[in-house]
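**Q** With the sequence up front, the predicted model follows.
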Amino acid sequence: MTRAFALVVAERLVHLSAVDVVIIAFYFALVLGIGWYLRGQSNTSEDFFMAGREMTAWIAGLSFLSANLGSLELMGWAAAAYQYGILATHWYWIGAIPAMLFLALVMMPFYYISKTHSVPGFLKLRYGEAARTLSSVSFAFMTVLMSGINMYSMALVMKVVLGWDINFSIWVSSLTVAVYVALGGLRSAIFNEVLQFILIWAGALVIPVMGLIEAGGWNNLKAQIAVRASAEYTHLWSTLGTFKDNPMGIHWTGIVFGLGFVISFGYWTTDFLVVQRVLSAKDLRSAELAPIIGAAFKMFVPFIVILPGLLALAVLPQKLVGEGAAIASGGHSYNEVLPLMLSRYCGPGLLGLGITALIAGFMSGMAGNVSAFTTVWTYDIYRALIKKNASDEHYVKMGRWTTIIGVLISVGTAYLVMQFLSIMDYVQALFSFFIAPLFGTVVLGMLWKRTSPQGGFWGLLAGTLSSIGMWFWVKFDPTALRYIAFSSDARAMAENMYRALWSWVVCVAVTVIVSLMTKPKADSELVGLVYGVTPIPRETGAPLWQRPIFWGAAVFVAFVLFNIYVW
Amino acid sequence: MRKEGGISIWFFVGISLLVNGALILGAGLWELAHPPVNPVVLFHLHANAWWGAVLFALGILYSLKFSPKRAS
């Protein structure tokens, strides 16, 4: 989103009726009501920060997915589908499903058995204080920054779509999130995320259903896209043989190794924003099943995000363009795909529900950021570095205040971004600096007992610094792209993926070399943290269909079949 | 998830679907009786009426099944 987006449309895209306004108001009342109802159930730190570790697999799984399903994600990827075609689906399938299954079946036992409160907390147990501090400070900083940027972007969307004042959108939505998370802690965030997940589907599902009816089914849709855009827009893999043959300018190696391996595994297995939801599960089996349930639903998200973008290519009378061209011509930009499709099919009531879905998406993402920030600040920074031996009640109070302060910092960031829009171009890159190396550090720590505390810390630091270094290299010398992404034809997305891949390689290499030169921890200190020295409970007596491995395999088979269908 | 003696999240989901479904169904029926001057595309399918009815029915089901009275 940029300032241009706000200028593209001089007047609002949709007009709400009275019933639409009632639906939106009812949504705000309900989420606040849930927070108020749960206020008495978060009096201990275990309740406030970990939701009492008593969530079922379904609730943890839906919440796990909902925290990621922000409205900017919905609008952004619908726009990407219009611009790049079905290639955008890679971010939902190979860019998510294998990593979610890996989290469930390989990593979750160590996260869960170690009883850690957070991912930085796991680094403390495995590597020591230095790795935890590096990880927690970078995570806390980036989380509130991202939260503020999302907040500003969402307010811009509301201004363009509904004509709402930016200040009104920022304050109403952020204060609502602050109130219900401060009152009910993680439990309140999770309850509302489940509700928001249902509302997102209820509000967004009408568009692909009506769109497919209008287009005359999937085969007719493909034929119309081939005429109006290009046949390449409906192929997922067959155009990825070279950088030049597809609209994204990307090679299959970037998708498989950069996105499918490093970026995806880094985000879904080590970003505490999503992992925190799974850690709230009531037992190990639920914690393993939760990401599998999330993966099953994630596989169908393209139906409400990518398909509307493809349908727009076929049915919208006007051609959408980039933001610069939209300003020059007075037309509509890619970013407006979802609101345009919403207003095309949705009359009074349905329109309100669709807008509620966008607001719900924004709030679930923001609540995820805020609750994760609160936990990392309280456990991994405040308790670890500032006040070590306070009472449980003190930390809960700190958590409530941190929630409010975190939201206020996010609001401040939103206004900062408003003044310096170029920040937004850099923050996505900044966030990626930490995720890819962190995955290397965590996965080596879990699977290789020889990894030493010094290896973990220096690997994480080297991976992060190398990522930053590569970013600056290309920034000041664009020809460097041919070394990092193997081709000067590579575009921004491809550069991100290869940079992530290289920073992961650097992290792993430095971790291994330093570990081999330094003394590892004794096996007795690694019990519950590392493969090979941790007894993992297995459900040998349970029937096959009750085991997480069975459902993980079923989701993986469906994932492969879907990819083949749109090859 | 239900705390002892507490309300299930699915009850809240049911209430949300029930109220939203009723409002959307009502708006759809109103449009049936008073067709708009500028209808949406595929207006003749009356998406808000049938989608509202689906949400309303699901809302009743969840509200009753996970009702706090039934739990106690």
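**A** Cool, the structure landed. Numbers count the residues shown, from 1 in each chain, chains lettered A, B, ... in the order given.

**Q** hey, let's count contacts and neighbours off CA atoms from now on
**A** Will do.

**Q** surely residue A:159 meets residue A:165?
**A** Yes - proximity of residue A:159 to residue A:165 meets the contact threshold set by CA atoms under 8 Å, at 6.0 Å.

**Q** Would you mind telling me which of these two has the busier surroundings?
**A** When residue A:159 and residue A:165 are compared for neighbours, residue A:159 comes out ahead with 22 against 13, by other CA atoms under 10 Å in any protein chain shown.

**Q** Can you list the buried residues in the strand or helix carrying that one?
**A** Taking DSSP states H and E as the definition, residue A:159 sits inside helix A:129-162. By neighbour count on 16 or more other CA atoms under 10 Å in any protein chain shown, the buried set for helix A:129-162 is A:129, A:131-137, A:139-140, A:142-162.

**Q** One more: stretch A:502-513?
**A** Buried residues in stretch A:502-513, counting neighbours by 16+ other CA under 10 Å, are found at A:502, A:503, A:504, A:505, A:506, A:507, A:508, A:509, A:510, A:511, A:512.

**Q** mean confidence for that stretch?
**A** For stretch A:502-513, the mean pLDDT works out to 96.

**Q** could you dump it to CSV, C-alpha only?
**A** The C-alpha coordinates for stretch A:502-513 follow below in CSV (Å, rounded to 0.1, in the frame of the first residue of the first chain):
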residue,chain,number,x,y,z
TRP,A,502,21.5,-17.7,1.4
SER,A,503,21.1,-16.3,4.9
TRP,A,504,19.8,-19.7,6.1
VAL,A,505,22.8,-21.4,4.5
VAL,A,506,25.2,-18.9,6.2
CYS,A,507,23.4,-19.5,9.5
VAL,A,508,23.6,-23.3,9.3
ALA,A,509,27.2,-23.2,8.1
VAL,A,510,28.4,-20.9,10.8
THR,A,511,26.4,-22.8,13.5
VAL,A,512,27.9,-26.1,12.4
ILE,A,513,31.5,-24.8,12.2
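
**Q** Give me the distance from that stretch to the chain's centre.
**A** The gap between the average C-alpha position of stretch A:502-513 and the chain average comes to 24 Å, counting by CA atoms, centre = their mean, to the nearest Å.

**Q** ditto for stretch A:366-382
**A** 16 Å.

**Q** Can you give me the end-to-end span of that stretch?
**A** 22 Å (CA to CA, to the nearest Å).

**Q** swap in stretch A:338-354?
**A** 10 Å.

**Q** Residues contacting it, please?
**A** A:13-14, A:16-17, A:19-21, A:23-24, A:75, A:78-79, A:161, A:199-200, A:202-204, A:206-207, A:210, A:308-309, A:312, B:20, B:23-25, B:27-28, B:39-43, B:47-48 (CA atoms under 8 Å, 6 or more residues apart in numbering or on different chains).

**Q** so for it, what's the average pLDDT?
**A** In this model, stretch A:338-354 carries a mean pLDDT of 92.

**Q** can you check stretch A:40-50 too?
**A** Along stretch A:40-50, the predicted local confidence has a mean pLDDT of 91.

**Q** where does that stretch sit relative to the chain's centre, distance-wise?
**A** Averaged C-alpha coordinates place stretch A:40-50 at 25 Å from its chain's average position (CA atoms, centre = their mean).

**Q** contact partners of that stretch?
**A** Against stretch A:40-50 from outside (CA under 8 Å, 6+ apart): A:51-53, A:117, A:183-187, A:276, A:279-280, A:371, A:374-375, A:392-393, A:395-396, A:399.

**Q** How about stretch A:396-416?
**A** Contacting residues not belonging to stretch A:396-416 are listed as A:43-45, A:48-49, A:144-152, A:170-171, A:174-175, A:178-179, A:181-183, A:185, A:370-371, A:373-375, A:377-378 [CA under 8 Å, 6+ apart].

**Q** What residues of it count as buried?
**A** Taking 16+ other CA under 10 Å as the criterion, stretch A:396-416 shows A:396-400, A:402-404, A:406-415 as buried.

**Q** how far away is the residue in chain B positioned nearest to chain A from residue B:51?
**A** Chain B approaches chain A most closely through residue B:24 (4.4 Å), counting by CA to the nearest CA. Taking CA to CA as the measure, residue B:24 and residue B:51 are separated by 8 Å.

**Q** The two: who's more crowded?
**A** Neighbours per residue, other CA under 10 Å: of residue B:24 and residue B:51, the larger number sits with residue B:24, 31 against 20.

**Q** What helix or strand is that one located in?
**A** With secondary structure defined by DSSP H and E, residue B:24 is part of helix B:9-33.

**Q** Same question for that helix: list its buried residues.
**A** Buried residues in helix B:9-33, counting neighbours by 16+ other CA under 10 Å, are found at B:9-29, B:31.

**Q** How about stretch A:39-56?
**A** Judged by neighbour count (16+ other CA under 10 Å), stretch A:39-56 contains these buried residues: A:39, A:41-56.

**Q** For residue A:519, which non-adjacent residue is closest in space?
**A** Take residue A:519 and drop its neighbours on the chain: the residue closest to it by CA to CA, 6 or more residues apart in numbering or on different chains is residue A:452, 6.3 Å away.

**Q** That neighbour: what's it in contact with?
**A** A:127, A:514, A:515, A:516, A:518, A:519, A:520, A:521.

**Q** Got the phi and psi for the fifth one?
**A** Pointing back at residue A:518 there. Listed backbone geometry of residue A:518 is phi -120, psi 170, with angles given as degrees, to the nearest 10.

**Q** So what's the residue count around it?
**A** Neighbour count of residue A:518, defined by other CA under 10 Å: 14.

**Q** Distance check, the closest residue to chain B within the stretch 351-500 of chain A against residue A:24.
**A** Across the stretch 351-500 of chain A, no residue is closer to chain B than residue A:353, which sits at 7.6 Å (CA to the nearest CA). Per CA to CA, residue A:353 is found 7 Å from residue A:24.

**Q** neighbours around residue A:553, how many?
**A** Here the neighbour count serves as a burial measure; for residue A:553 (other CA under 10 Å) it reads 13.

**Q** residues from chain B in reach of chain A?
**A** Residues of chain B found near chain A (CA under 8 Å from any CA of the partner chain) are B:1, B:9, B:12-13, B:16, B:20, B:23-25, B:27-28, B:39-43, B:47-48, B:51, B:55.

**Q** Mind doing that once more with 7 Å?
**A** Where proximity means CA under 7 Å from any CA of the partner chain, the interface of chain B facing chain A comprises B:1, B:9, B:13, B:20, B:23, B:24, B:27, B:40, B:41, B:42, B:48.
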